[in-house]
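Student: Sequence and predicted structure, then a few things I'm wondering about:
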Amino acid sequence: MATCACSTMAVSKFDFPTPFSHRITHNNKQPPLLLLSKRPSILGLIHSNHNTLSVFNSRVDNFSVETQTQIKTSTWKWRGYSIRYQYSGTSGPALVLVHGFGANSDHWRKNLPVLGESHRVYAIDLIGYGYSDKPKPQDLEQDYFYTFETWGSQLNDFCMEIVKDEQVFFVCNSIGGLVGLQAAVMDPSICKGIILLNISLRMLHVKKQPWFGRPLIKSFQSLLRNTVVGKYFFKIVATPDSVRNILCQCYYDTSKVTDELVKLILEPGLDPGAADVFLEFICYSDGPLPEELLPLVKCPVLVAWGDKDPWEPIELGRAYGLFDSVEDFVVLPNVGHCPQDEAPQLVNPLVASFVARHTPSSPAS
C-alpha cells in the first residue's frame, strides 16, 4: 500500500507525526478530478491551458473494476532470491505496478485485471515484502540492503528478464514512487513513463530534519534496530486491529478497509524475516529524495495525489508538479494515501490515458 501497510504500518507515524483530523465518506459519487497541466491534453479527456487548473470529466464514476481478465501468479529468481509477481493481459503496452512500503502486489488487485484488458500488466513484490524472500539484513555484508538502489535494480532486472519489452511504464504508490524514479535514473533505456500516486515525501530523511533533532532521531532508530524494543514494537503493529486502525487513517473512505484488505496486508508481514525488514527500513534515513531524482529522469512523469492523504500532505506534494519532467499534477478528490485501491475508478482510466498518450499508434494496415 504505501508508507502504511502490514508490518510497516507504524512507519507512517514516524514520517508524519503531525496531528490530523480524519473524515469518513461513504459517498461513491466522486467530484471531477483537478489537473495542473503543462502539456497537451490527455486524449482529449483533460482540457487545460499552461499551468491552469481544469476539470477531468472522463465518466470515471462508471468505470467498472469487474472484468473477465484473469490475474496469474508466478515466481522469479533474482540474485538467488525468490520473487513473487502477478500479471494480467497478453497484449498492448507493458506496465509494471510497484507497491509501497509494507504492502505487496495484492494491493493492485483492483487494477491488474482492468488494465490487463488492453495492456500487459505486472505487479511485483519487492524483495523483503509480500511473498518474496526476506533475507535478514544482519546476515548480509552491507550496512543497508533494503534501499532504493536495491529495489531499483530489482525493478530494472525484472523488466529485462520477465517483461522483455523495449520500454515499460511504471505505476507506483508511495515509497514505490522512489523505487520507480530510482530505476528510471539508473537505466533510462527501460522506462518509458512513470505515474506516481501519492509518492512518499520522505519527511524523516536526514536532510529534512533540523540539525538539533538529528541525533535524537538516530538514537531512536538505533534503539529500534539493535535492541529488543524494535521487535516488541513490531509485535504491537503486526496485528489485525493495528493494521485495520492504520488503514483507516490513510483511507479517506474507510468502507474500503475490508477484512480482505487487512488479511492481504498483514499475512505476508508475519513471515520470518518481516520484522527485520520493517525495522531496517524505518531506520533508513539516507538515500534519494523525490526532488533529487525528478530532475534526473528522462521520461515523462504524471503525479496524482489523493487530497485527503494525512501522511503525504498535498500542499507539499504540489511542488513536484513544477519539475520539467512532470507533465501533469492531478488532484484525486476525497481520496487518501492509496488511490489505486481506494479509488480504482479514478486511477485506472488515468493510467490508461497517460500510457496511450505516450504509445505510438500502430501504422495503418
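Tutor: Cool, got the structure.
Student: And the helices in this protein, which stretches?
Tutor: For the chain, the helices defined by DSSP state H cover 11-15, 112-115, 148-158, 175-186, 214-226, 228-237, 240-250, 259-266, 274-282, 290-293, 314-317, 339-342, 344-357.
Student: is the most centrally placed residue in the chain in a bridge, and if so with what?
Tutor: In the chain, the residue lying closest to the centroid (CA atoms, centre = their mean) is residue 173, at 1.5 Å. When bridges are called by DSSP bridges, residue 173 pairs up with residue 197.
Student: coming back round to it: pipe the helices of the chain into JSON lines and attach mean pLDDT and distance to residue 71 per row.
Tutor: To be clear about C-beta, it is placed using only N, CA and C from the backbone, and glycine gets the same treatment. JSON lines is the format used below for those (pLDDT from 0 to 100; distance: least, CB to CB, whole Å):
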{"stretch": "helix 11-15", "mean pLDDT": "33", "distance to residue 71": "28"}
{"stretch": "helix 112-115", "mean pLDDT": "98", "distance to residue 71": "5"}
{"stretch": "helix 148-158", "mean pLDDT": "97", "distance to residue 71": "17"}
{"stretch": "helix 175-186", "mean pLDDT": "98", "distance to residue 71": "19"}
{"stretch": "helix 214-226", "mean pLDDT": "76", "distance to residue 71": "36"}
{"stretch": "helix 228-237", "mean pLDDT": "85", "distance to residue 71": "28"}
{"stretch": "helix 240-250", "mean pLDDT": "95", "distance to residue 71": "22"}
{"stretch": "helix 259-266", "mean pLDDT": "97", "distance to residue 71": "13"}
{"stretch": "helix 274-282", "mean pLDDT": "87", "distance to residue 71": "23"}
{"stretch": "helix 290-293", "mean pLDDT": "96", "distance to residue 71": "30"}
{"stretch": "helix 314-317", "mean pLDDT": "95", "distance to residue 71": "30"}
{"stretch": "helix 339-342", "mean pLDDT": "98", "distance to residue 71": "14"}
{"stretch": "helix 344-357", "mean pLDDT": "98", "distance to residue 71": "14"}
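Student: how about the ones you listed in JSON lines, adding mean neighbour count and distance to residue 330?
Tutor: Below are the helices of the chain laid out as JSON lines (neighbours: other CB atoms under 10 Å; distance: least, CB to CB, whole Å):
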{"stretch": "helix 11-15", "mean neighbour count": "21", "distance to residue 330": "23"}
{"stretch": "helix 112-115", "mean neighbour count": "25", "distance to residue 330": "17"}
{"stretch": "helix 148-158", "mean neighbour count": "21", "distance to residue 330": "23"}
{"stretch": "helix 175-186", "mean neighbour count": "26", "distance to residue 330": "14"}
{"stretch": "helix 214-226", "mean neighbour count": "14", "distance to residue 330": "33"}
{"stretch": "helix 228-237", "mean neighbour count": "15", "distance to residue 330": "32"}
{"stretch": "helix 240-250", "mean neighbour count": "20", "distance to residue 330": "19"}
{"stretch": "helix 259-266", "mean neighbour count": "18", "distance to residue 330": "24"}
{"stretch": "helix 274-282", "mean neighbour count": "24", "distance to residue 330": "28"}
{"stretch": "helix 290-293", "mean neighbour count": "18", "distance to residue 330": "16"}
{"stretch": "helix 314-317", "mean neighbour count": "14", "distance to residue 330": "11"}
{"stretch": "helix 339-342", "mean neighbour count": "27", "distance to residue 330": "10"}
{"stretch": "helix 344-357", "mean neighbour count": "23", "distance to residue 330": "6"}
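Student: possible to save these as CSV with distance to residue 169?
Tutor: What follows is the helices of the chain, written out as CSV (distance: least, CB to CB, whole Å):
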stretch, distance to residue 169
helix 11-15, 27
helix 112-115, 10
helix 148-158, 12
helix 175-186, 10
helix 214-226, 35
helix 228-237, 33
helix 240-250, 25
helix 259-266, 24
helix 274-282, 26
helix 290-293, 17
helix 314-317, 21
helix 339-342, 14
helix 344-357, 5
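Student: nearest to residue 137, of these?
Tutor: helix 274-282 (4.6 Å; CB to CB).
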